[in-house]
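Q: Show me the folded form of this:
(chains A and B)
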Amino acid sequence: MYLRDLITLTTSSFLTYRMRSFLTGLGIAIGIAAVILLTSIGEGLHQFMLSEFSQFGTNIISVQPGKTQTQGGNVGIFGSVRPLTLEDADALRRLPYVEHVIPGLVGTAEVRANGRTRRTMVLGEGRDFGAAFTMKLQSGSFWTDADDEQARAQVVIGSKIEQELFSGMNPLGQYLRIGGQRYRVIGVMESKGQILGMDMDDTVFIPAARAMELFNRPGLMEVNVSYRADVDADTVIRILTERMKERHGREDFTLISQEKALEVLSSVLNILTFAVGALGGISLLVGAVGILTIMTMAVTERTAEIGLLRALGARERQVLNLFLSEAMLLSALGGLMGLALGIGIAQGLHWLFPALPVHTPWLFAVLAELTAISIGLLAGVVPAMRAARLDPVEALHAE
Amino acid sequence: MIELQNVCRTFTVGDQQVTALRDVNLRLDAGEYLSIMGPSGSGKSTMLNMLGLLDRPTSGTYLLDGGNVTDLNDEQQARVRREKIGFVFQSFHLVPRLTAAQNVELPLILAGIPAEERKARVQVLMRNYGLSDRADHKPDQLSGGQRQRVAIARATVMNPTVLLADEPTGNLDRTTGWEVLKLLEGLLEQGITLVVVTHDAEIGARARRQIHMLDGRIVSDERRTK
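A: The predicted structure is shown next:
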């Protein structure tokens, strides 16, 4: 029997019981739609999280004081080990593959301008931080002092600070008092919004040396090293570690690679997506039971027809294939219906709630359809075997 | 060319053994016209199923065209049915979803014959049986006589050597019944072997050879001399 004939015969019975076929397919469709919808949201969240974390660039390694011996945060930030200094940062800057080195520390301070005061986050940074972290200015420029230690009292302000303290005025060239010292405003950041709960717009950026002075700290909280995109993170880590060990005599620092952190995050999010997909898969099971039921009914109803086919010389195998392909057709069409439904609902949700990230990878759609067909195949096996094994004589006389 | 040797067939119904065929011996030559008559339960249907390879004897041997077909497996038996045997049933057994032409085409599809050849063969048959204008009708749009003609077309489309008809006129009125019977008898001219099972003595009497069955045995085997 040719495949085309098999399909024609299968379709003829499918079309005869339109309503029944539709409802059976709907069972699978709901399952597939649930899987597609849940994984679309999962995958959307995945991509959203990754882009949140990687917006500062992925080829960045952070050097932090103190060695993490166990799980949990290291204690270096609180100043109990040999501090990380601006000299350390300078030394790293001369290493191969390194593009930018940005010493950094953070604290809060009172900032004052035009008689208005605000308590805000103060980030001490190196001069390259704009380039390294792909941050853009709305106006003005970053400071350019070549020597981090002798950097002048200049400040780049976040857009919220601009609104609150300089509303309506051009802040460039004006003075801002930070913790009692005067800083000249040389740039305004583009609005970045909240990143993981931190308002990046309610922030001022000053040279790291100034920040150390301001917070009265002996060392930096971290040194961020950006490296060439074509170099492996492990290579850079090795070079950085060697140089730092030379300077400090032992490994009293910790390297955190952005790339590696993202890999871990990504794998966690993948598991999450898979888990919600599996949850949706439960409804597919219900769809499979529907197909099993309808195929069992079909075999009973068409017993005489099966007898006839056998009398006309159909082999057991041909009868089996006929019923199997019918079950597969039901589930394949149900699957397509579910794909349309799932993607439609996902996009509809995204349209209603633009904040909800949604993404349906093609691979998921193809896998879902293949799953649907396999489910049809599995659910069809038992009824089809029963059909194939019917005794031709008894089958013929069943009316 | 058809030979049943000491064929027995017993069924187990509940805990009782029911014997449908008792030690049946029958020899049929090619081109013969045989009617099998007898009351219900006499074993005539079992006999027909046996001849059509739908049923296997409990003991005994069935030779078809000189070959032993008793011990063939399912696939081989299906092949013999497909190529050598045609069935016509009392209740027509047409597939309701398929058109008349598709019903006739069914054995060719199962045999894996290419579509163009199938179309040609079906068309010729439909014309011969006066069904050309009914080709695209579904069975429920056909009269009883037309349905049985479609069934006969389907039974002969593979050019079988034996045609087995089980009460072929049972569901038809008298006139239509005769027409169908004439159609079947016409096939004899093409050398087909025709076996008709009936409990209607008038129809049975038309066959040149008539056997009567009772309790699973052949009780009489008569040849009508012309």
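Q: From B:Gln210, how far out is A:Leu265?
A: According to Cβ to Cβ, to the nearest Å, A:Leu265 stands 89 Å off from B:Gln210. Where you see a C-beta, it was placed from the backbone N, CA and C, and this is true even at glycine.
Q: So which of the two has more stuff around it?
A: For A:Leu265 versus B:Gln210, neighbours defined as other Cβ atoms under 10 Å in any protein chain shown are more numerous around B:Gln210 (21 against 16).
Q: Where does the more buried one sit, in terms of helix or strand?
A: strand B:209-214 (DSSP states H and E).
Q: Show the pLDDT at residue 15.
A: Picked chain A for this. Looking at A:Leu15, its pLDDT stands at 86.
Q: that's the wrong chain, I wanted chain B
A: 89.
Q: wait, doesn't B:Leu194 sit right on B:Leu187?
A: Yes: under the criterion of Cβ atoms under 8 Å, B:Leu194 is in contact with B:Leu187, at a separation of 6.4 Å.
Q: quick one, which of those two is more surrounded?
A: Counted by other Cβ under 10 Å, B:Leu194 and B:Leu187 do not tie: B:Leu194 has more neighbours, with 22 against 18.
Q: so that one, which of the three states?
A: Recorded secondary structure, B:Leu194: strand (DSSP: H, G, I helix; E, B strand; the rest coil).
Q: And B:Leu21, by the same measure?
A: strand.
Q: Same question for A:Lys260.
A: Assignment for A:Lys260 (three-state DSSP): helix.
Q: Please apply the same query to A:Gly31.
A: A:Gly31 - assigned by three-state DSSP - is helix.
Q: so what's it up against?
A: Shown in contact with A:Gly31 (Cβ atoms under 8 Å, 6 or more residues apart in numbering or on different chains): A:280-281, A:283-287, A:338, A:372.
Q: What spatial separation is found between it and A:Leu37?
A: Counting by Cβ to Cβ, the gap from A:Gly31 to A:Leu37 is 11 Å.
Q: Need the residues touching each of the two.
A: Here A:Gly31 and A:Leu37 have A:Gly280 as joint contacts, going by Cβ under 8 Å, 6+ apart.
Q: Buried residues, the host helix or strand of A:Arg210. List them.
A: Using DSSP H and E, A:Arg210 falls within helix A:208-215. In terms of neighbour count (16 or more other Cβ atoms under 10 Å in any protein chain shown), helix A:208-215 has its buried residues at A:208-212, A:214-215.
Q: Chain B against chain A: which residues are in contact?
A: Proximity of chain B to chain A (Cβ under 8 Å from any Cβ of the partner chain) is limited to residues B:49, B:52, B:54-55, B:74-75, B:78-79, B:81-83, B:85, B:87, B:89, B:91, B:93, B:95-98, B:102, B:106-107, B:109-112, B:114-115, B:154, B:158.
Q: Just the pLDDT for the residue in chain A positioned nearest to chain B.
A: Evaluated by Cβ to the nearest Cβ, chain A has A:Gly313 as its residue closest to chain B, separated by 2.5 Å. With respect to pLDDT, A:Gly313 has a value of 92.
Q: Now it. Its backbone dihedrals?
A: phi 100, psi 20 (degrees, to the nearest 10).
Q: what about the closest residue to it other than its chain neighbours, distance to B:Glu116?
A: Counting by Cβ to Cβ, 6 or more residues apart in numbering or on different chains, B:Arg82 is the residue found nearest to A:Gly313 once chain neighbours are left out, at 2.5 Å. Per Cβ to Cβ, B:Arg82 is found 20 Å from B:Glu116.
Q: Please apply the same query to B:His93.
A: Relative to B:Glu116, and taking Cβ to Cβ, B:His93 is found at 27 Å.
Q: Return the set of residues that bridge with the most centrally placed residue in chain B.
A: Centroid-nearest residue in chain B, with Cα atoms, centre = their mean: B:Leu164, separated by 1.6 Å. Beta-bridge pairing for B:Leu164 (DSSP bridges): B:Phe87, B:Val195.
Q: ok, it touching B:Ile192?
A: No: here B:Leu164 does not reach B:Ile192: they are 10.6 Å apart, not a contact under Cβ under 8 Å.
Q: Can you name the helix or strand that the one residue sitting closest to the centre of chain A falls in?
A: In chain A, the C-alpha closest to the average C-alpha coordinate belongs to A:His46, at a distance of 2.0 Å (Cα atoms, centre = their mean). Element membership for A:His46, per DSSP H and E: helix A:18-54.
Q: Same check on A:Ser283?
A: helix A:258-301.
Q: what's the neighbour count on the residue in chain B that chain A sits nearest to?
A: Nearest residue of chain B to chain A: B:Arg82, at 2.5 Å (Cβ to the nearest Cβ). A count of neighbours around B:Arg82, defined by other Cβ under 10 Å, yields 21.
Q: Regarding it, what are the backbone dihedral angles?
A: Dihedral angles for B:Arg82 - degrees, to the nearest 10 - are phi -60, psi -40.
Q: Can you verify my assumption that it contacts B:Gly112?
A: No: B:Arg82 lies out of contact with B:Gly112 (Cβ under 8 Å); the separation is 9.8 Å.
Q: any weak-confidence spans in chain B?
A: Within chain B, the stretches with pLDDT under 70 are B:226.
Q: who in the stretch 251-399 of chain A is up against chain B?
A: Counting by Cβ under 8 Å from any Cβ, the stretch 251-399 of chain A comes close to chain B at A:304-305, A:307-318, A:392-393, A:396, A:399.
Q: Strands - which of the residues you listed land there?
A: Per DSSP state E, strands hold no members of these.
Q: Need the buried ones from the residues you listed selected in ChimeraX.
A: Buried residues among those (16+ other Cβ under 10 Å), as a ChimeraX selection:
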select /A:304,305,307,308,309,310,311,312,313,314,315,316,318,392,393,396
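Q: Can you list which of the residues of the stretch 251-399 of chain A next to chain B are found in helices?
A: Within these, residues falling in helices by DSSP state H are A:304-305, A:307-311, A:316-318, A:392-393, A:396.
Q: now those residues in a markdown table, with distance to A:Ala132?
A: As requested, those are exported to a markdown table (distance: Cβ to Cβ, whole Å):
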| residue | distance to A:Ala132 |
| --- | --- |
| A:Ala304 | 78 |
| A:Glu305 | 74 |
| A:Gly307 | 79 |
| A:Leu308 | 78 |
| A:Leu309 | 74 |
| A:Arg310 | 77 |
| A:Ala311 | 81 |
| A:Glu316 | 71 |
| A:Arg317 | 67 |
| A:Gln318 | 69 |
| A:Pro392 | 79 |
| A:Val393 | 84 |
| A:Leu396 | 82 |
